[in-house]
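> would you be able to build a 3D model of this:
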Amino acid sequence: MNDYITGITAGGAAWTPVFVQDINQTRCIGCGRCFKVCPRDVFDLVDRSDVLSEDDIDDYDDLEEDNAQVMRIAHGNDCIGCSACSRVCPKNCFTHAPLPLAA
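Below you'll find the predicted structure:
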């Protein structure tokens with residue numbers, strides 16, 4: 001059985017937060033919606049070339065001449081697991097997971 005960090009809603013229901021684990025920068029369009037909605041400043045806007053390897057760029061022909069910016073996880077430990085970033089992302093770039101209870 002997996003025991004995860006859980007909380008209780010104002011209505012008394014159990015809730016399991018899911019914390020941001022990864023952002024798919026090849027899908028990210030740098031729209032900033034996740035940045036704006038995040039209550040804890042978890043994200044940072046950076047140049048796509050700073051987060052993608054040359055192999056990643058070579059795999060996506062349309063990215064070779066791209067000088068766009070994308071989001072990255074800058075302060076992942078500040079994530080509260082609300083998953084608001086996923087709900088506003090138009091490209092479904094986020095991966096989230098619950099965290100196990102500390103032993």
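> okay, now the unreliable bits of this protein?
Residues of the chain that meet the criterion pLDDT under 70 lie in 1-2, 53-67, 103.
> how about the strands in it?
7-8, 14-15, 19-23, 43-47, 69-73, 94-97 (DSSP state E).
> and of those strands, who's closest to C79?
Closest to C79 of the strands of the chain, according to Cβ to Cβ: strand 19-23, at 4.7 Å. Bear in mind the C-beta positions are built from the backbone N, C-alpha and C, glycine included.
> hmm, back to that, out of the strands of the chain, indicate the one that is most buried.
Using mean count of other Cβ atoms under 10 Å, the stretch among the strands of the chain with the largest mean neighbour count is strand 69-73, at a mean of 21.
> partner strands of it, with direction?
strand 43-47 (antiparallel) (DSSP bridges).
> who touches the partner strand?
Identification of contacts with strand 43-47 by Cβ atoms under 8 Å, 6 or more residues apart in numbering yields 23, 30, 32, 34-35, 67, 69-74, 85.
> farthest-separated two in those?
The span of the contacts of strand 43-47, defined through Cβ to Cβ, is set by N67 and C85 at 23.7 Å.
> who has more neighbours, these two?
Between N67 and C85, counting by other Cβ atoms under 10 Å, C85 is the more crowded of the two (23 against 8).
> might one say that that one is in contact with P39?
No. Assessed by Cβ atoms under 8 Å, C85 is found out of contact with P39, at 10.2 Å.
> would you turn the strands of the chain into CSV with distance to I80?
Conversion of the strands of the chain to CSV gives the following (distance: least, Cβ to Cβ, whole Å):
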stretch, distance to I80
strand 7-8, 10
strand 14-15, 12
strand 19-23, 8
strand 43-47, 13
strand 69-73, 14
strand 94-97, 12
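> dump the residue contacts of D41.
So D41 contacts 74-75, 78 (Cβ under 8 Å, 6+ apart).
> and those residues as JSON lines, adding neighbour count and distance to L99?
Listed next are these as JSON lines, based on neighbours: other Cβ atoms under 10 Å; distance: Cβ to Cβ, whole Å:
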{"residue": "A74", "neighbour count": "13", "distance to L99": "19"}
{"residue": "H75", "neighbour count": "12", "distance to L99": "16"}
{"residue": "D78", "neighbour count": "13", "distance to L99": "13"}
